[in-house]
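Visitor: the following block contains a protein sequence and its predicted model.
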Amino acid sequence: MAAPVVRTSSAEVLPPPTERYTLLGWLKKNLFTDWFNTLLTFLALGFLYLIIPPLLRWAFTGAEWAVIPANFNLFMRGQYPAEQALRIWIVLWLTAIVVGFTWGVWSKEISPALVVVAAIPVLLMLVPFFAMETRLKLLGVEILGVVGYVIGRRVPRKHNQIATWLLIITLFASVFILRGFGPEQTDSLWARVPTNLWGGLLLSLLLSIFGIGFSFPIGVLLALGRQSKLPAIRTVSVLYIEFIRGVPLISLLFMGQVMLQLFLPEGFPPIDRVVRALVAIILFSAAYTAENVRGGLQSVPKGQYEAAMSLGLSTYQMMRLIILPQALRAVIPVLVGQFIGLFKDTSLVALVGLFDLLGIARVVLANPDWLGTQQEVYVFIAILYWIFSYAMSYASRRLEISLGVGQR
């Protein structure tokens with residue numbers, strides 16, 4: 001009796017062992033597949049040879065990196081009083097334990113992403129110009145994050161809403177902690193600190209987090225409104241989206257600083273300048289989020305709507321349980337790309353008198369003691385922006401993999 005024939009698809013055929021296990025095989029497969037890729041490889045190597053040695057010589061011998069440790073606190077918190085700086089650490093400790101708890105609730109496995117996040121405080125402890133007190137505080141961040149993760153792993157995943165609400169509460173509690181209570185006094189730990197003293201990375205992160213957090217639900221509502229069958233809602237949504245997308249963000253920031261108070265009733269207390277900038281950022285980002293979400297809604301097959309209605313689901317249930325999960329899953333890369341752009345666009349608030357990360361850089365460069373250190377300062381700022389942008393991009397890729405985007 002003849003043996004049965006086993007058919008193997010071309011996708012299941014493994015490459016030769018020389019391409020699987022050797023460095024030479026990897027180089028041939030990725031860099032020298034044909035004459036054109038070989039030419040591009042040599043051109044890239046020549047370009048790197050021209051730029052890397054001068055950059056290394058400047059970084060190790062010519063650059064005046066002393067400007068960074070001398071102004072590190074200014075870059076991180078701006079003019080936030082040193083007497084109340086402990087409150088920033090309290091916010092970091094609180095955030096560490098809540099993020100660890102949330103991660104433990106949502107994921108019961110120790111993933112590479114968790115290891116990378118947990119290693120950040122340890123790596124920061126190795127920064128040479130940090131004082132021992134700062135390193136101990138970073139150690140506290142690491143310990144509290146681990147404690148939160150251990151506690152979170154003991155909570156069943158069905159209670160993950162607890163972690164979500166804890167994150168939201170922590171976000172708003174952090175603002176109250178940073179702002180303080182009571183009159184403005186410099187000798188009290190909990191004295192109120194006006195937002196015009198907030199700056200540096202602290203202000204950039206707050207504007208980004210609240211801008212993303214508030215613009216996302218507004219954008220989803222605008223996207224749904226644009227597809228509404230009610231003419232009034234659809235018209236208002238379309239007019240808002242098209243008007244906001246037709247003007248640059250800097251114009252909205254200037255309008256927020258100058259004109260927002262004019263739209264409020266007479267005698268209304270003056271609105272904080274940071275809040276004005278935040279409102280402009282939220283309004284701007286919401287319009288772009290709406291268009292991104294609308295693209296996701298249009299990608300959902302019509303049969304999904306019909307199936308939901310055949311089950312007797314209400315419009316709210318259909319959108320929350322069937323349509324929006326599929327639509328948002330399809331536009332994760334676009335949304336994260338927009339949020340990364342929003343984080344970088346917060347640097348525009350320096351043009352309206354707020355000292356964010358870029359604004360603080362300009363203040364440092366205006367100091368006569370640090371004239372001529374533009375390259376060092378802007379390289380440091382660029383590295384900080386890259387770290388947070390790459391973190392969002394990495395989280396997006398991990399989320400796409402977990403949800404099977406592009407696979408099913």
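Guide: The structure has been received and is ready for your questions. Please read these numbers as outputs of a predicted model, since none were measured by experiment.

Visitor: pLDDT below threshold where in the stretch 1-150 of the chain?
Guide: 1-21 (pLDDT under 70).

Visitor: which parts of it are helices?
Guide: Taking DSSP state H, counting those that start in this stretch, the helices of the stretch 1-150 of the chain run over residues 17-21, 23-30, 35-57, 67-70, 72-77, 86-106, 112-125, 132-153.

Visitor: ok, and for the fifth one, which residues are buried?
Guide: Right, helix 72-77. Neighbour counts using 16 or more other Cβ atoms under 10 Å place 72, 74-77 of helix 72-77 among the buried residues. In short, each C-beta sits where N, CA and C put it, glycine included.

Visitor: quick one: residue 389 and residue 396, what's the gap?
Guide: Residue 389 sits 11 Å away from residue 396, taking Cβ to Cβ, to the nearest Å as the criterion.

Visitor: overlap in contacts of those two?
Guide: Overlap between the contact sets of residue 389 and residue 396, as judged by Cβ atoms under 8 Å, 6 or more residues apart in numbering, is nil.

Visitor: export the buried residues of helix 72-77 to TSV and tack on distance to residue 23?
Guide: What follows is the buried residues of helix 72-77, written out as TSV (distance: Cβ to Cβ, whole Å):
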residue	distance to residue 23
72	41
74	46
75	41
76	42
77	47
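
Visitor: let me know the closest of these to residue 140.
Guide: Using Cβ to Cβ, residue 76 is the member of these that sits closest to residue 140, with 16.8 Å.

Visitor: quick one: list the elements packing against the longest helix anywhere in the chain.
Guide: Taking DSSP state H as the criterion, the chain has its longest helix at helix 374-403. The criterion is 3 or more Cβ pairs under 8 Å, 6 or more residues apart in numbering; DSSP states H and E, and the helices and strands that helix 374-403 contacts are helix 67-70, helix 72-77, helix 112-125, helix 332-345, helix 357-365.

Visitor: quick one: closest of those to residue 221.
Guide: helix 332-345 (15.0 Å).

Visitor: list the buried ones in the closest one?
Guide: Buried-residue list, helix 332-345, by 16+ other Cβ under 10 Å: 332-340, 342-345.

Visitor: and those residues, which two are furthest apart?
Guide: Using Cβ to Cβ, those span at most 20.0 Å, a distance reached by 332 and 345.

Visitor: can you give me the end-to-end distance of stretch 368-376?
Guide: 15 Å (Cα to Cα, to the nearest Å).

Visitor: any idea of the mean pLDDT for that stretch?
Guide: In this model, stretch 368-376 carries a mean pLDDT of 87.

Visitor: over to stretch 180-198?
Guide: Here stretch 180-198 scores 77 as its mean pLDDT.

Visitor: residues contacting residue 208?
Guide: Residues in contact with residue 208 (Cβ under 8 Å, 6+ apart) are 339, 342-343, 346.

Visitor: pick the one among those residues closest to residue 214.
Guide: residue 342 (11.3 Å).

Visitor: which of the helices or strands spans residue 165?
Guide: Assigned by DSSP states H and E, residue 165 falls within helix 160-179.

Visitor: how far is that helix from where the chain is centred?
Guide: 17 Å (Cα atoms, centre = their mean, to the nearest Å).

Visitor: now swap in stretch 239-255 and tell me
Guide: 22 Å.

Visitor: give me the buried stretch members for it, please.
Guide: Of the residues in stretch 239-255, 240-241, 244, 249, 252-253, 255 count as buried by neighbour count, 16+ other Cβ under 10 Å.

Visitor: could you export those to TSV, including columns for distance to residue 47 and secondary structure?
Guide: Shown next, in TSV, are the buried residues of stretch 239-255 (distance: Cβ to Cβ, whole Å; DSSP: H, G, I helix; E, B strand; the rest coil):
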residue	distance to residue 47	secondary structure
240	46	helix
241	42	helix
244	41	helix
249	34	helix
252	40	helix
253	38	helix
255	44	helix
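
Visitor: thinking again about what came up before, ok, the buried residues of helix 332-345 vs residue 122, which is closest?
Guide: Residue 122 has its nearest neighbour among these in residue 343, at 24.6 Å by Cβ to Cβ.
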